[in-house]
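> Just to be clear, the model below is a prediction. Sequence and coordinates:
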Amino acid sequence: MSNITKMIEHLQSPKELLLAYEAIKQRMQDLGYSSSHTDPVGQYAEHLVAKLYSAQRTRNGTAGCDLISHDNVRIEVKGRVARRDGYVPKTYIMDSNVQSQFDYLVYIVFDKNYEVLRAVGMTVNVFKQVANYVEHTNSAGKWVYKASEKNMQQPGVDDLTQDLRELGE
């Protein structure tokens, strides 16, 4: 059991746990690992990808694009945690974002200790080939990408696992 887990076990109320969560998000922002108080997993994933590509973060709330590379490639970053064996993370991306908001998607799966388990990158065209489009009757369609071993090894999908592992902090 980690020291952090031992410390958290002493917290007894939902308010204490939420305050600890907010403190963690603030500390990540203070250290430059995140740009806002949103999802710390996604913020950490963006931090690693920004380092890999020497990219700049976009303003918070920029739909479908988290980073801009030095050569103006718009990068969308997704980070998920595999908290149990056999878990296949997935993400939903609005069709309007796929059509016009990003050029390249980076998808990182962390293990429960936040080490990079696997990571891939793909152009928007490759994404459309490996993701499934789902139409909805009462909302806009969405693309669903499952980070299965099969999808992560498709032609045109770049394996970024080792590069991002080396950047992990």
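Now that the structure is in, tell me what you want to look at. Quick caveat, the model's predicted, so the values are computed rather than measured.

> use CA for all of it now, contacts and neighbours both
Will do.

> Compute the distance between Asp71 and Gln101, please.
16 Å (CA to CA, to the nearest Å).

> When the two are compared, which one has more neighbours?
Gln101 (18 against 8; other CA atoms under 10 Å).

> how near is that one to Glu22?
Taken as CA to CA, the span from Gln101 to Glu22 is 30 Å.

> what's the following helix or strand after the worst-scoring helix or strand of the chain on mean pLDDT?
In the chain, the helix or strand scored least confidently by mean pLDDT, DSSP states H and E is helix 95-100, which has a mean of 66. Sequence-wise, the next helix or strand downstream of helix 95-100 (DSSP states H and E) is strand 104-110.

> next SSE after that next one?
strand 116-123.

> So what are the sheet partners of that following strand and their directions?
strand 104-110 (antiparallel), strand 158-159 (antiparallel) (DSSP bridges).

> In the very next helix or strand once past the shortest one, which residues are buried?
Secondary structure here is assigned by DSSP H and E; on that basis, the next helix or strand after strand 158-159 toward the C-terminus is helix 161-167. When burial is assessed from 16 or more other CA atoms under 10 Å, helix 161-167 yields the following buried residues: 161, 164-165.

> What is helix 161-167 packed up against?
helix 40-53, strand 116-123 (3 or more CA pairs under 8 Å, 6 or more residues apart in numbering; DSSP states H and E).

> Using JSON lines, lay out those together with mean pLDDT.
JSON lines is the format used below for these (pLDDT from 0 to 100):
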{"stretch": "helix 40-53", "mean pLDDT": "93"}
{"stretch": "strand 116-123", "mean pLDDT": "94"}
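
> Let's have those in a markdown table, adding distance to Tyr92 and mean neighbour count.
Output for these, formatted as a markdown table (distance: least, CA to CA, whole Å; neighbours: other CA atoms under 10 Å):
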| stretch | distance to Tyr92 | mean neighbour count |
| --- | --- | --- |
| helix 40-53 | 14 | 21 |
| strand 116-123 | 16 | 20 |
